[in-house]
Every structure is written in structure tokens, then in C-alpha cells.
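Chemist: for reference, the sequence and a predicted model appear below.
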Amino acid sequence: MVPLSWYLLLSALLFAVGLYAVMARRNLIGMLMGLELMLNAINLTLIAFWRYLHPYNLGFQALVIFVLVVAASEAAVGLALILAVFRLRETEHVDELNLLRW
Amino acid sequence: MVTVQQVVFALFALMTVGGAVGVVAARKLFHAALWMILSFFGVAGLYILLEAPFFAALQLFIYIGGVAVLIVMAIMVTRGIMGPKEPVFTYAVGAAGTAFAFLVMLALFIVNVPAWMGSAPTGEVAPDGMRQLGRALVMPSAFLLPFEVASVLLLAVLVGALFIAREKE
Amino acid sequence: MNVLQFVANLFVNVGAWMGEVLHGWGLSPLWTAIVVKFLAGLVVAGGPLAAVLFLIWYARKVIGRIQDRMGPTNDGTAAGPFALLQAVADAIKMLTKEFIFPHGRDKVVFLIAPVLVVAVAVAIWAVIPFGPPDAGMQFVDLNIGVFYVVALASLTFFSMLMAGWSSHNKYANLGAFRAVSMIVSYEIPQMLALLVPVMLAGTMGMQGLINAQEVPFIVMAPIPALIYFLAMTAEVGRLPFEQAEADAEIVAGYFIEYSGMLFGAFYLAEFINNLSASFVFSVLFLGGWRGPWVEQAPILGLVWLSLKAFLVFSVLTFFWGAMPRLRIDHILGFSWKFLTPLALVMLMVTALVDKIVQIVGERGPSPSVSPWTRAGWLFLANAIVALVTAWVLYQVEKRQRAQREARRFAVVR
């Protein structure tokens, strides 16, 4: 049997890699990918806790569904913003987007 | 004595973490998106191991079929055909240090909670769990309000994304 | 047991016999089960591949006859009587062709795309029930079977995007975009129409859906069946929705740069997708393996299901031969402006009518409602929605015609 701590360590590792991707990548879309990895790690933690500690509590599953919904909508709006910024400034490099007015 | 479950867990865990490392290590952005999809597959496999097949299918459907397709199409629209190899990382050392420190803190916390070191899950999953979940999402005493708020959120996202990304005439 | 009884419950008996053989060779029960399951998986994966050989010949013959010509014949070739071995000849030709790789392609992704598309096409077959439960005729009965099929369809867009992007060809890229936008638009009416049989049966598992079909769902929900059929036609890229591979317009779209067996993989995957879409439609709406004498001889379930799926595949083939290709903006408009609202309306109407029939039935003479009563009321509801839709379309058409006439007769002074 697989102990709970293995799942938790795995999702902690996934979260750390996602965090590194968000902090170190200089491309907007790359940062969004790291963000999605972090949200996946969160969902994995929630499902692991649900299965191991509270299999009868549906609140965990509902929370996972809502985190999924929010992650997908945030990816959609984030990408729409990235597209709009790209059209205006022709760049995706975060370091070049440092002017507050056009 | 390594059980079959542990072997399968190791396989899916390798897929997940390997995909995540691929996201940060890929030179081309498109490859990073493909590694991310591999990572999502690994997570779906882990959901199946955790006896939540509905969430595995949701993961396939929403993350791989929705978010990943969005990301790939955004890459294709903003990158052109193959894209130049861009300078990938700055502040890499500081970021790596922060992420590593965070991971070490979490790991120390996790291994020090005895309730989480147990090797077997407590209790069995109800066989009609999905039906109960469906009912819970529409009962006013359970999760009806978050459900409705989530649908309003999705409507706002639909209209908002269309509005932000439209072509200015 | 005699031969007839052995064949009647063929798969369970063959599996048991093989289990005994393997056990006799000294394998532990765990490994025996694994090996038997693996062989079953090979059969399930190889079945569609073998069926496709026949179906390619059938499709070409039927289209030839629709177009007033003979189709493949064996005059002067060694293609067998009536050219039945035509598909074998095609396969041999494709296997012996040279791979031409475009310069500047992305080497790894270029090779992964055809593999992925065939893998996804074959993976759908794992949940299709070929016979009654406990007859060993379904590889695995997931309780989210229908959801699994839909989720796999969303993986086909990846192979399209990967193929289009890695070819280093802007036309392939554009073709991939068009194909993906069409498939994404038709996912929504497909899923909404799929929710209606799931709602009527109360489960997403394939066997559960067939169990609930004493009256086939095509009678209880004809409009969702039609919507699902159209959306499925678009998903597999069949005419009139053939934007993914529009032969005369964009010359094979996203797989322009693939040659030889790599193209063969896409071609094969397209036929397997068509066949699996036909099977899924038969399971969902036509009653699956139900038919006379299935209780006594479960292998007949496979026969009935194959006949129904073959019928659906024939209809798809007739579409291929007889319909023109629609323009991409018409296709997308049709999905978003017509199919999606209609599917939403049907979902609400079906839920309402079903619940009302159930509540009224519970207060009536007998506590439960006979399936035929339920089917009758639902069919009536569908007919009413169809009439209302036709009336709305007629009004829209009348107004558009009035606008066209007004423009034509507007005098320029």
C-alpha cells in the first residue's frame, strides 16, 4: 500500500517545480504553465487527503471541482490577456513589459 | 516487498514529475507544453489510483482537452511557425533556491505529522459516490451556492475572454 | 459442452480454456489473469484494424456506385473477387513508400503525432460493450464509460496540433487551426446531446445505458440522437464537415507533409474513428447488443451490435459520397447558433417531461411507468420541439428573404 505521505511529498515536489517555473521563466505563457502545475499539485493533495482521511466527506470533492473550474477560467482569461498584450507590444518577455503607459 | 500498487504509483509519479521538469527544462515553448500534457496524464493516473475515476476523466477533459489546447493555440498564435529559441531563464538561481527551500519546509512538515504516515487509507469509498456528489452539488443545504457562483464565474470568463482578445477594428 | 454451447458463450469459454492452459504451464493465478487480459486487449485492439480492411473496400465500392462508376474492380489486377483485397493492396503500397521528411521539421513531435492519433483511436474500444455483462465481451466496464469516450476525443486535437505545427509549413498550421476549431465547436453539442441518454438511464456506464434501453433511446430522444449524429460526423471529419482534410481545398490540411506509412496511420485512424463513432452511437441510441436470442447466446450480442454499427457506418459513407463540403464559417455558425441552443433546449425539455411522467405515473393506477408510456411522451415532446424549431427557422428564413429582396430593389439614385 502506498502511504499518504508519498502522495503529499509528490505534490509538494510538483508544487515546487511549478513555483520555479513561475519565478524563473521569463515568458508569460511559460509562467502560466507553471501556474497550472501548481494548481494540479493542489488538486492532487486534496484528493489524496479525501481518499486517505475522510472518504465520506464530499466537501473535498466539491472543492476539487471548484478549484478545477477556477483554474481553467483563469487560464482562459490569462491567455486572452497575453494575446492582447502581444498584439500591442509584440513581445512576451516579461522583462520588456515594464512601461505603465503605452 | 514492493507491491503492485507501489510500482504503479512510482510509474505515474515519474510521469508527473518528469513532465514538470520537462516544462522548466525545455528549450522550445511548444515542447514545454507537451511535457506539461505528460504531467497532466500522470496526475490523471494518480487520481485513478486514488479511486477517483471521475476526477481522472475530468482532468483529461478539462486540463488536457481545455487548458492545454488553449495554451498550445496561444503559443502557435504568438510564436509563428517554429519560433526563435528565446533566452529562457533569468534569476534562475534565486528562484531555484526559493523553490527548494519551500519544498524542504513542506517535506519536513509532512513527515512530522504521524497521522499522515499511515500506510493504509481509513475507510472505503462509497460505491455510488458520484451520485452523491451530483446530488450534493444541487442541494441547497450542500453545495448549491458555490455551484451557481461557479457558473456565473464561467459566464463572466466566457464574455470577458472574448472581449479582451477580440481584434480591435 | 458441445460446439454450439461453446460458441454461444465464446469469449468466456476461450478465456477459461486459456487460463487452464497457462495454469497447466505453471503460472501463478495472478500472472495467468494478467496474460489472459493482455491477450483480450490485443483482440480488442486488433478487431477494429481487421474490420477497417473490409470497411475501406466497402466505402470505396459504395462511393463508386453513388458516383455512377464501378469502384475498385479486379480487372487486370490481383485484388481478389470483387476487389475485396483492395485494402490489403493499399496497405502494402503505403508500407513500401519512402518517408519524405520536410526540412526544418521538429523531429520528435513529427513522429509522435501519427502514433498518438492511432493510439487514441484504438483506446476508445476498451469500453465498448460487445455483449451482455458477465460474458467477457467488454474489456473494462468503467462507470464513467461515456465520459471516457468524450475525453479521448479531446486528445485527437493534440495530434492535429502537433502534426500541423511540427511540419514547418504554414498551410499545415492553418489547416490544424481550422480542424481544431471545428472539433472544439462540435464538442459542446455532442456533450449536451450525450447528456440526454445519460439522464434517461441514470448512469454513464456503457452497460448501464444498454440496460436502460428496453425502448431504444432513438425513439425516446430522436432530436438529441440527430444532434449527436451530426456532431459525431463533424468530430470524425466526415463530409459535409470535412474541414480537417479538405482534399480539393487545402490538400490534406494538417497532414500535408506526411508520406508513406505515417500518412497511412492518419488514414487508418480516420477509419477507426468512424467505426468507433458508429459503435458508440449504436450503444447510446440504438440499443447496443440488444436483439433476439441474446440471453441464450451472448455471442449474438456482438452480431447485433456489429449490424447496427455497420448501418450507421453506411449512413456515414453515404454522406461521404453524396454531400458537398460546407464552408468553415457556415460549419461553425451551424454549431454555435443552431445545434448548441437546440441541445440545451432538448436537455431541459427531456428532464422536465421525464420527471412529470414519473410523478404522474406514481400517482396513477400502477406505481411504476411502463417504458413505452415514457417513450411515447418523450417522443411527443421531441416532436413538439421539432415543430417549434421548424417554425422558428421558417420565420428567420422569411425575414432574411425580405431583407435580400429589399436590398435588391433598393434603387440607387
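Modeler: Received it, and whenever you're ready, just let me know what you need.

Chemist: do the helix or strand where B:F54 lies and chain A meet?
Modeler: Counting by DSSP states H and E, the element that carries B:F54 is helix B:53-58. Yes: contact between helix B:53-58 and chain A, assessed by Cβ under 8 Å from any Cβ of the partner chain, occurs at B:F55, B:L58. The way it works is simple: take the backbone N, C-alpha and C, and place the C-beta from them, glycine included.

Chemist: for stretch C:187-204, same thing?
Modeler: No: using Cβ under 8 Å from any Cβ, stretch C:187-204 stays clear of chain A, coming no nearer than 14.2 Å.

Chemist: all helices of the stretch 251-400 of chain C, in order?
Modeler: C:261-285, C:299-322, C:328-333, C:340-363, C:371-408 (DSSP state H, counting those that start in this stretch).

Chemist: meant to ask about chain B
Modeler: Here chain B has its helices, by DSSP state H, at B:4-25, B:29-49, B:53-58, B:69-79, B:92-111, B:129-138, B:144-164.

Chemist: these: lowest mean pLDDT?
Modeler: Looking at the helices of chain B, the lowest mean pLDDT belongs to helix B:92-111 (a mean of 80).

Chemist: can you redo the helices of chain B as TSV with distance to C:I272 and mean neighbour count?
Modeler: Converted to TSV, these look like this (distance: least, Cβ to Cβ, whole Å; neighbours: other Cβ atoms under 10 Å in any protein chain shown):
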stretch	distance to C:I272	mean neighbour count
helix B:4-25	26	18
helix B:29-49	21	23
helix B:53-58	21	22
helix B:69-79	22	21
helix B:92-111	44	14
helix B:129-138	29	15
helix B:144-164	34	14
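
Chemist: how about those helices in CSV, adding distance to chain C?
Modeler: What follows is the helices of chain B, written out as CSV (distance: least, Cβ to the nearest Cβ, whole Å):
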stretch, distance to chain C
helix B:4-25, 9
helix B:29-49, 6
helix B:53-58, 5
helix B:69-79, 5
helix B:92-111, 25
helix B:129-138, 7
helix B:144-164, 12
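
Chemist: what helices and strands are in contact with the helix holding B:F54?
Modeler: With contacts defined as 3 or more Cβ pairs under 8 Å, 6 or more residues apart in numbering or on different chains; DSSP states H and E, the packing partners of helix B:53-58 are helix A:58-89, helix B:29-49, helix C:145-166.

Chemist: and the pLDDT for the residue lying closest to C:H168 once chain neighbours are set aside?
Modeler: Nearest residue to C:H168, sequence neighbours excluded (Cβ to Cβ, 6 or more residues apart in numbering or on different chains): C:G104, at 4.1 Å. Here, the pLDDT recorded for C:G104 equals 77.

Chemist: and C:G104, that's in a strand?
Modeler: No: secondary structure of C:G104 (DSSP: H, G, I helix; E, B strand; the rest coil): coil, not part of a strand.

Chemist: ok, it to chain A distance?
Modeler: Relative to chain A, C:G104 is positioned 22 Å away (Cβ to the nearest Cβ, to the nearest Å).

Chemist: what's the answer for C:Q395, then?
Modeler: C:Q395 is 35 Å from chain A, by Cβ to the nearest Cβ.
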